[in-house]
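> All I have is the shape, not the residue letters:
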Ligand code: GLP
């Protein structure tokens, strides 16, 4: 069974973005939004951009990204900083001063990011995707519930999954990332997880109905008081 604090909304693949955006839009006009990168939330951001064109006020939002590759400058088009700028902040009219993405590679850099989130009053709604190995952010298997923003080594499987964003060249995919920890993510007041496709089914099932374990970092979401999963039937397949 799914945790009583987790709502699961099943919808058609092409409705995920609209449904999730309906929840996320509740942070407007001036809330703190935790943003994920990757393919899964693209339709959600597109829906927010449409809603802005229809009058939703987004310019006052403050954004905190989940993670960033170590060694990629914010100017690198493959960086998550570039993604957040071009896919989210720019089209939503959010000024650069209101956008934070993890950076650097030291423990002090991680602590500074934690402080920035705390100074903003914490995250109102955190958007997350899920990795095929059950990661959230870049919290790979083995990441425990107490982890905070820190540098992690990426799993080979994660680097392979993300190689498509680096011209298909695994050697170009950084080996390390700075990521919010599991505890950081769980400190958000509300969490919205978006997932589509059968490639996510095993990880999602383990996260939602399996034991709460660092082997599947997304399973720690079962301990959060307010999680909404928006997923298509393939991602929620039982077999
Ligand atoms: C990436 C990111 C995560 C993302 C996940 C799934 O590696 N670090 O934040 O949620 O993996 O990505 P996608 O949505 O492209 O499948």
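Arrived safely, thanks for sending. For clarity, every value in this text was computed on a predicted model and none was experimentally measured.
> For the closest residue to residue 43 other than its chain neighbours, give me its contacts.
Nearest non-adjacent residue to residue 43, counting by C-beta to C-beta, 6 or more residues apart in numbering: residue 17, 2.6 Å away. Every residue, glycine included, has its C-beta placed from N, CA and C. Contacts for residue 17 (C-beta atoms under 8 Å, 6 or more residues apart in numbering) come out as 41-47, 194.
> Identify the farthest-apart pair in those.
46 and 194 (12.3 Å; C-beta to C-beta).
> Please say which of these two ends up with more neighbours.
residue 194 (29 against 15; other C-beta atoms under 10 Å).
> hmm, back to that, kindly indicate which of the contacts of residue 17 lies nearest the ligand.
Of all the contacts of residue 17, residue 41 has the smallest distance to the ligand: 6.9 Å, by C-beta to the nearest ligand atom.
> you'd agree that closest one is up against residue 127?
Yes: at 5.4 Å, residue 41 counts as touching residue 127 under the criterion of C-beta atoms under 8 Å.
> shared neighbours of these two, anything?
20, 35, 194.
> Would you reformat the residues you listed as a markdown table and include secondary structure?
Converted to a markdown table, the shared contacts of residue 41 and residue 127 look like this (DSSP: H, G, I helix; E, B strand; the rest coil):
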| residue | secondary structure |
| --- | --- |
| 20 | helix |
| 35 | strand |
| 194 | strand |
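> Closest to residue 201 out of those residues?
residue 194 (14.2 Å).
> How much space separates the residue lying closest to residue 236 once chain neighbours are set aside from residue 2?
In space, and not counting its chain neighbours, residue 236 is closest to residue 10: 5.9 Å by C-beta to C-beta, 6+ apart. Residue 10 sits 12 Å away from residue 2 when distances are taken as C-beta to C-beta, to the nearest Å.
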